[in-house]
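A.B. asks: sequence and computational prediction follow.
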Amino acid sequence: MFPKLIQVITVVSFRWRQYLFIYCFQSGGLQRHSESIFNIKIKQPISTNHIEFHYNSLNRLMVYLTITFLLFGVPAIIYAAQDKTKNSHDMLGEWHDFWVLKLIMNLVGYSSIVLPGCILIYYLKKTNYIERGNNKFLIHFVRSFIYGQEQSIEESTRAQEQLKKTSFGRKAFWIIICATGLQLSYLSWGLLQERIMAYKYGETVDFKGENFKNSQFLVFMNRIFAFVTACLVCIVRKQPRHLAPIYKYSYASFSNIMSSWFQYEALKYVSFPMQVMTKASKIIPVMAMSKIVSNKTYKLHEYILALFISIGLFLFIFATKDAVKGYSSTTTFAGVVLLLGYVIFDSFTSNWQSKLFKTHKMSSVQMMACVNLFSVIFTSVTLLEQGGFTEAASFMFRYEVFAFHVLLLGVCGAVGQLFIFKTIDEFGPVVFTLIMTIRLALSILLSSLFYGHPITPIGSLGIVIVFFSIFVNVYINQKKKIENKAESENITKT
């Protein structure tokens with residue numbers, strides 16, 4: 001059936017392209033419609049020398065559009081098949097709980113947004129729309145979305161002069177506020193995250209209860225709360241003129257939602273302390289990703305500290321009896337793969353955002369708003385295609401406490417992001433890293449107390465090695481910065 005269907009689609013598509021080709025290039029239809037739809041005035045007609053080129057381009061474009069059309073339909077078809085098999089007792093009946101297939105479904109959903117977007121950007125660049133168009137609003141939108149704005153000399157000077165002198169009392173006040181806010185928001189966020197993903201709702205003597213399994217919905221809720229919060233801050237507090245091409249935020253958005261999805265899924269297979277230890281040890285993939293993305297070089301002591309962090313993580317994983325839920329090798333392997341996916345995508349996110357900050361000098365809140373905008377688009381489309389909103393709403397109606405937990409999770413995540421940006425703006429990344437490192441250690445302690453995760457002495461030794469290595473790394477980097485600053489000041493004086 002499917003080969004026959006593909007054959008019919010191919011024939012119809014080919015015939016349709018032939019007729020469209022004849023209409024466009026023999027009757028001038030392409031020129032008239034381009035002028036009417038895009039408000040472009042084509043001064044010279046298309047020459048016959050370019051007919052073959054345009055026909056080949058049209059062929060490729062139709063292939064892309066056909067694939068895009070199929071991508072929109074595939075998730076809905078598969079979800080319908082899922083409903084048919086969900087209640088069956090054969091091996092395929094539980095496929096919807098398999099994380100690999102969930103991942104594939106999400107990627108297919110993302111493709112239904114990314115592919116048309118890539119085609120549109122490619123077309124607008126090829127046609128040079130911002131120079132040939134007459135609609136000022138569309139030209140401004142295309143320039144902001146694809147090319148970005150240029151920074152004036154006055155804006156560059158003003159950005160450098162915005163470093164304001166503050167009193168010791170004010171700095172002490174804000175560091176207490178930021179540290180307390182980060183600890184409370186993210187410690188609560190971690191406990192809620194583990195409660196939602198790792199434990200059942202509605203469990204009684206007569207009923208086993210059920211787990212909430214849709215990680216994508218939790219990612220969506222976190223991002224919609226963060227997006228709304230960032231927009232409110234942008235409205236209340238004046239921001240610098242935005243310069244970066246908006247579409248470039250989609251890279252950080254995609255890697256961010258992928259890392260969050262891997263993080264939530266991993267809690268089905270590993271304990272929260274193990275996940276936190278993996279976060280604390282992500283300096284290793286961050287170093288590797290920095291080498292790939294920015295070609296950054298590292299010194300010997302950084303490689304040595306990364307080695308010690310790896311040793312500490314190894315001791316914790318293999319010495320902690322409750323590090324994984326279940327003792328089967330399959331479950332352990334799934335948890336490790338999911339955590340690996342988390343650290344890889346999370347490492348790319350931070351490096352790409354750092355590159356955007358250095359290149360386009362946007363504010364942290366602007367970064368937060370734009371990244372979360374794309375995240376909301378990506379996750380909402382996949383949830384609509386897979387019926388995730390209906391599934392989550394049904395679960396909320398059955399268990400009202402779940403709705404309360406999701407609400408708190410979104411609020412804690414959004415407030416935590418605001419404290420992150422405030423801390424970095426006021427005190428820099430070094431102080432922020434120290435505060436978040438302390439938070440990770442406290443997260444392991446609280447999770448063990450609330451949910452009863454036993455940690456062996458050797459596992460505790462692994463924790464000490466990891467966090468001690470992180471503190472040493474922060475101390476050495478800060479000392480190097482002070483020495484380099486002193487050297488530069490001496491050079492300027494002489």
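C.D. replies: Now that the structure is in, tell me what you want to look at. Every value quoted in this text rests on a predicted model; they were computed, and no experiment measured them. Residues are numbered from 1 along each chain as shown.
A.B. asks: all contacts plus neighbour counts: C-alpha atoms, from now on.
C.D. replies: Noted.
A.B. asks: what comes up buried for the strand or helix carrying I119?
C.D. replies: Assigning secondary structure by DSSP states H and E places I119 in helix 99-127. For helix 99-127, a neighbour-count test (16 or more other CA atoms under 10 Å) marks W99, K102, M105, N106, V108, G109, Y110, S111, S112, I113, V114, P116 as buried.
A.B. asks: and the two most separated of those?
C.D. replies: W99 and P116 (26.5 Å; CA to CA).
A.B. asks: which elements pack onto the helix holding I119?
C.D. replies: Packed against helix 99-127 by the contact rule (3 or more CA pairs under 8 Å, 6 or more residues apart in numbering; DSSP states H and E) you find helix 51-85, helix 364-386.
A.B. asks: what angle sits between that helix and helix 364-386?
C.D. replies: Helix 99-127 and helix 364-386 are oriented at 120 degrees to each other (axes from the mean of the first three to the mean of the last three CA atoms, to 10 degrees).
A.B. asks: under the pLDDT cut-off, which ranges of the stretch 101-250 of the chain? List them.
C.D. replies: 133, 149-168 (pLDDT under 70).
A.B. asks: all helices for it, in order.
C.D. replies: 129-132, 136-142, 153-160, 168-198, 215-236, 249-266 (DSSP state H, counting those that start in this stretch).
A.B. asks: contact partners of the last one?
C.D. replies: Right, helix 249-266. With CA atoms under 8 Å, 6 or more residues apart in numbering as the test, helix 249-266 has contacts from 99, 193, 197, 215-216, 219, 275, 334-336, 338-339, 341-346, 348-350, 352-353, 367, 370-372, 374-375, 378-379.
A.B. asks: could you tell me the least trusted of the helices and strands packed on helix 99-127?
C.D. replies: Per-stretch mean pLDDT for the helices and strands packed on helix 99-127 is lowest at helix 51-85 (a mean of 48).
A.B. asks: and the residue lying closest to H360 once chain neighbours are set aside, backbone torsions?
C.D. replies: The shortest distance from H360 to any residue other than its chain neighbours is 5.4 Å, reached at A244 (CA to CA, 6 or more residues apart in numbering). With angles defined as degrees, to the nearest 10, A244 sits at phi -70, psi 150.
A.B. asks: count the neighbours of A244 for me.
C.D. replies: By the criterion of other CA atoms under 10 Å, A244 has 23 neighbours.
A.B. asks: that one and G148 touch, don't they?
C.D. replies: Yes. A244 sits in contact with G148 when judged by CA atoms under 8 Å, with a separation of 4.7 Å.
A.B. asks: remind me, longest helix of this structure?
C.D. replies: In the chain, taking DSSP state H as the definition, the longest helix is helix 400-451.
A.B. asks: same for the helix or strand just after that one, what does it pack against?
C.D. replies: Per DSSP H and E, the first helix or strand lying C-terminal to helix 400-451 is helix 457-493. Helices and strands touching helix 457-493, by 3+ CA pairs under 8 Å, 6+ apart, are helix 272-280, helix 300-319, helix 400-451.
A.B. asks: looking at those, which is nearest to S144?
C.D. replies: Closest of the helices and strands packed on helix 457-493 to S144 is helix 400-451, at 24.0 Å (criterion: CA to CA).
A.B. asks: relative orientation of the closest one and helix 215-236 in degrees?
C.D. replies: 100 degrees.
A.B. asks: deepest-packed of the helices and strands packed on helix 457-493, please.
C.D. replies: Greatest average neighbour count among the helices and strands packed on helix 457-493 goes to helix 272-280 (a mean of 22), per mean count of other CA atoms under 10 Å.
A.B. asks: mind listing residues that contact that helix?
C.D. replies: Taking CA under 8 Å, 6+ apart as the rule, helix 272-280 contacts 194, 263, 266-267, 313, 316-317, 323-324, 339, 343, 437, 440, 443-444, 447-448, 453, 463, 466-467.
A.B. asks: re the thing from before, Q183 is nearest to which of the helices and strands packed on helix 457-493?
C.D. replies: That would be, of the helices and strands packed on helix 457-493 and by CA to CA, helix 400-451, which comes in at 5.8 Å.
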